[in-house]
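Asker: predicted coordinates and the sequence they were generated for:
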Amino acid sequence: MSKIVILGAGISGHVAASHLRRKLSKEHKVIVVSPNSNYQWIPSNIWVGIGRMKSKEILFPLAPLYRKKNITFLQAKAVSFHPEGDPKESKPYVLSEYVVGEKKGTQEKVTYDYLINATGPKLNFEATDGLIPGLNKTYSVCTYGHADHAWHGLNELIQEMKKGKKAKILIGTGHAKATCQGAAFEYILNVEQELRKHKVRDMAEVTWISNEYQLGDFGMDGMLLSYKGMTMKSSEMVEMIFEDRDIKWILGAGVDKIEDGLAHYENLDGEHKTESYDFAMLIPAFSGHGFKAFDKDNQDITNKLFKGFMIVDADYTSKPYEEWSVQDWPETYQNPSYKNIFAPGIAFAPPHAISKPRKSKNGTDISPAPPRTGMPSGITAKLVADNIIDSIKKGKESLEHKGSLGNMGAACIASAGYGLTQGSGVSITTYPIIPDYHKYPKSQGRQLGKTFGEIGLAGHWLKLALHYAFIYKAKMKPFWWLIPE
Amino acid sequence: MTERISKSQRFKMMNPIIQFFKFIYLSIKIMIVVAGGHGGTREVK
């Protein structure tokens, strides 16, 4: 009998739990430890943030599903890692603390044979002074709660604009090293369309603010893509969309302080500037959760497990941008010190950024951290689950399943406006996610046929179809496993 | 506002019939890219 503990029930943790349960017999125990009671389909938060979807449409409670599927669910948060056990407990364990119910505040040693750390990122709002969702007129769409809140803020402003108020809307990244530009890109296009729908577009100045050096960088160093039979830079495509929608932009901006209606930032020229706004949605920096780890003698071994996020089979040697390689990126997401610990999705420490690092004239790092979105999170979680399943069935370590982001495609279906006949989407696929400049030297590290962009109503339908398909899959309804990650 | 997307392009982008076929085309193409497999990068063939 093996006991597999999964920390986190987001896209990555839930995918791993689902596949482990489906493929392992009931003698093996699958335990999910998560402080959140609900599963949420994060890509649809954008539509909650413009009031076109209710948060209940993008989430469902985990406990009844896990009960039905024979997955043990502990609504608790991880406190510390003990991969060798301790003087009293011989098995490795994670110290967890219950967050609800009678056991609230109680700590428990959750022992395991295999551990999947799928805790994702910490939304590090504290890294930017004054960036607090709902305060200082700034909002976030990173969780369904934040997105609900953002819609209330936006709706209030729209009502004021209908009465004649002129407004400034600022959307983008809220920290010099933030990532997830794609979500902010979706949100700005959706907000812009909603303003037109409410007939207040001419009352608003909409501005994109980002730590990207160029538009369309998306934390992936931009890309060359096929568009209508031509080869186009992603920067040109985004510029075309922004100009067409009268969206202004500020680039190379490291937002470092927020005051009520004021975003202070430093740009790559080293200038300190301020942008005023009436409504802002700024993506915070992401960070690890600050977990500690201890060996069997209770000595601190945090640096064997964590480097901010969890250490896996990546090459963490510090090297200049010109020497970065796809081979630096992990393939199995296994911790090198403790072979029964894995960290798929966003929980693993990336070896370095993807976009070229840049500093301001004052020496401040201003460039995007690497994005790791839902699709790679699902794929890496499944391959980790498959390796654990093989290892259990074979009785020895098996790492046949591999999935480097340098040998994996991703689709970014960015909503550009909601509506069955009036909606729009920007569909971009990228292969590989990490540019391979040796394999594809003439096309900026990507395979052109598989890296393409499309704009139109079909993109909206596609995102909507993915919304329903992935919630169906997450609910583990009949034949859910036929839907790829 | 700079009109970067012409009226005819916009018509094609928003025409439900054209976009229905585009939807099918994109679904297949994305499946090929995304579900087309993944692997490591370090093995020397």
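Answerer: Thanks, I have the structure now.
Asker: ranges for the helices of the chain?
Answerer: All of this refers to chain A. A:11-23, A:45-48, A:62-68, A:144-162, A:181-197, A:234-244, A:302-305, A:374-394, A:457-474 (DSSP state H).
Asker: wrong one, I was asking about chain B
Answerer: B:7-14, B:16-34.
Asker: now could you export just the CA positions of the shortest one as PDB?
Answerer: Extracted C-alpha coordinates of helix B:7-14, given in PDB (Å, rounded to 0.1, in the frame of the first residue of the first chain):
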ATOM      1  CA  LYS B   7     -13.700  46.900 -42.000                       C
ATOM      2  CA  SER B   8     -13.400  43.800 -44.200                       C
ATOM      3  CA  GLN B   9     -11.000  42.200 -41.800                       C
ATOM      4  CA  ARG B  10     -13.300  43.000 -38.900                       C
ATOM      5  CA  PHE B  11     -16.200  41.600 -40.900                       C
ATOM      6  CA  LYS B  12     -14.300  38.300 -41.300                       C
ATOM      7  CA  MET B  13     -13.300  38.300 -37.600                       C
ATOM      8  CA  MET B  14     -16.900  38.700 -36.400                       C
END
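Asker: so who does residue A:18 touch?
Answerer: Contacts for residue A:18 were tallied using Cβ atoms under 8 Å, 6 or more residues apart in numbering or on different chains; they are A:69, A:474, A:476, A:480, A:481. Bear in mind the C-beta positions are built from the backbone N, C-alpha and C, glycine included.
Asker: what is the burial count for the fourth one?
Answerer: Think residue A:480. Residues near residue A:480, counting by other Cβ atoms under 10 Å in any protein chain shown, number 15.
Asker: what does chain B put close to chain A?
Answerer: Proximity of chain B to chain A, by Cβ under 8 Å from any Cβ of the partner chain, involves residues B:1-5, B:12-16, B:19-20, B:22-23, B:26-27, B:29-36, B:38-42.
Asker: circling back: pull out the buried members of the contacts of residue A:18.
Answerer: A:474, A:476 (16 or more other Cβ atoms under 10 Å in any protein chain shown).
Asker: closest one of the contacts of residue A:18 to chain B?
Answerer: Distance ranking of these against chain B, using Cβ to the nearest Cβ, places residue A:481 first at 12.7 Å.
Asker: contacts with chain B among the contacts of residue A:18, please.
Answerer: Of those, not one also sits near chain B (Cβ under 8 Å from any Cβ).
Asker: so can I have TSV of the contacts of residue A:18 showing pLDDT and distance to residue A:151?
Answerer: Below are these laid out as TSV (pLDDT from 0 to 100; distance: Cβ to Cβ, whole Å):
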residue	pLDDT	distance to residue A:151
A:69	96	33
A:474	97	23
A:476	97	30
A:480	95	30
A:481	93	34
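Asker: would TSV of the contacts of residue A:18 with distance to residue A:26 be doable?
Answerer: Formatted as TSV, the contacts of residue A:18 follow (distance: Cβ to Cβ, whole Å):
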residue	distance to residue A:26
A:69	11
A:474	21
A:476	15
A:480	19
A:481	18
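Asker: for residue A:172, state which of the contacts of residue A:18 is nearest.
Answerer: residue A:474 (29.4 Å; Cβ to Cβ).
Asker: how about the residue nearest in space to the middle of chain B, what does it touch?
Answerer: Nearest to the mean C-alpha position of chain B, counting by Cα atoms, centre = their mean, stands residue B:26 at 4.3 Å. Under the criterion of Cβ under 8 Å, 6+ apart, the neighbours of residue B:26 are A:427, A:454, A:458, A:459, A:462.
Asker: please repeat the previous calculation with a cut-off of 6 Å.
Answerer: A:427, A:458, A:462 (Cβ atoms under 6 Å, 6 or more residues apart in numbering or on different chains).
Asker: lowest pLDDT pick from those?
Answerer: For these, the minimum pLDDT belongs to residue A:427; the value there is 90.
Asker: what's the neighbour count on that residue?
Answerer: 25.
Asker: this completes my enquiry, with thanks.
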